[in-house]
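1. Okay, sequence plus prediction incoming.
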Amino acid sequence: MFGVAYASDDAFLSRVEIGKHAKDWEVRFGGGAYDTGPASPNHFSGAVINGEILLPSPDILAALGSPRPVIGADIAISDNPIHVVYTGLNWQVHLTRWLYIGFTGGGSWNSSQVTTDPVSGATKDLGSDWLFHLQASVGVDITEDILVEVFYNHYSNASLTDFNIGLESVGGRMGYRF
């Protein structure tokens with residue numbers, strides 16, 4: 001765990017900590033909007049059920065800020081669903097004792113490469129069944145063990161194929177550390 005303490009320990013940004021919960025297990029569960037975000041054409045609507053399991057950070061990753069391995073899924077509830085399973089590394093930076101930001105980078109597998117909306121005729125071609133996954137989150141520690149956060153998931157092939165429409169989800173979830 002990396003930490004920087006300043007004169008007033010109660011002020012905003014007075015105690016920035018990277019990897020505060022690096023040795024904890026964590027489960028998160030919530031939901032949000034399907035195919036919604038700034039980098040997606042938003043042709044499809046619906047919801048996602050989101051869940052994640054975060055493992056303790058291995059000691060070998062301490063020099064990188066103690067990111068925790070994460071396994072997660074976005075299960076789409078839509079007329080034209082594309083479900084996603086992802087894995088990667090999750091970093092958290094506590095800006096105060098209770099407020100943090102998070103970032104995850106890794107890869108994902110999606111249940112379908114191409115889907116078409118029968119009503120609008122819109123087609124989403126992700127270009128591959130295997131995509132890169134990026135996630136940003138902002139969270140609040142309600143207690144040392146319970147948290148709430150908002151998240152943004154982005155899945156893309158980074159223009160490595162002819163099609164790179166991308167898929168996104170935005171939502172909220174609760175979590176429990178142990």
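-> Arrived safely, thanks for sending.
2. Give the helix, strand or coil label for Tyr152.
-> When classified by DSSP: H, G, I helix; E, B strand; the rest coil, Tyr152 comes out as strand.
3. show me the contacts for Val119.
-> Asp79 (Cβ atoms under 8 Å, 6 or more residues apart in numbering). C-beta coordinates here come from the backbone N, C-alpha and C atoms, glycine included.
4. In which helix or strand does Ser45 reside?
-> Under the criterion DSSP states H and E, no helix or strand holds Ser45.
5. Contacts only, for Val27.
-> 51-54, 175-176.
6. any chance you could map the helices in this structure?
-> Assigned by DSSP state H, the chain shows no helices.
7. Can you tell me the closest non-neighbouring residue to the most centrally placed residue in it?
-> Taking Cα atoms, centre = their mean, the centroid of the chain lies closest to Gln135, which sits 3.5 Å from it. The spatially closest residue to Gln135, leaving aside those adjacent along the chain, is Thr104, at 3.8 Å (Cβ to Cβ, 6 or more residues apart in numbering).
8. List the contacts of the one you found.
-> 70, 88-91, 133-135, 137.
9. one step back: out of the contacts of Val27, who's the most crowded?
-> Leu54 (25 neighbours; other Cβ atoms under 10 Å).
10. correct me, but it touches Thr87?
-> No. Leu54 is beyond contact range of Thr87, at 10.9 Å (criterion: Cβ atoms under 8 Å).
11. Give the residues shared as contacts by these two.
-> 69-70.
12. All the strands of the chain, residue numbers only.
-> 2-5, 15-18, 26-34, 47-54, 68-77, 84-94, 99-110, 114-116, 123-125, 130-141, 146-156, 167-177 (DSSP state E).
13. mind checking which of those strands is nearest Pro41?
-> When those are compared by Cβ to Cβ, strand 123-125 sits nearest Pro41, at 7.8 Å.
14. residues of the closest one that come out buried?
-> Lys124 (16 or more other Cβ atoms under 10 Å).
15. what about Arg177, how many residues close to it?
-> 17.
16. dump the residue contacts of it.
-> Arg177 neighbours (Cβ under 8 Å, 6+ apart): 21, 24-26, 144-147.
17. which one of the residues you listed sits closest to Gly65?
-> Set against Gly65, the nearest of those by Cβ to Cβ is His21 (12.3 Å).
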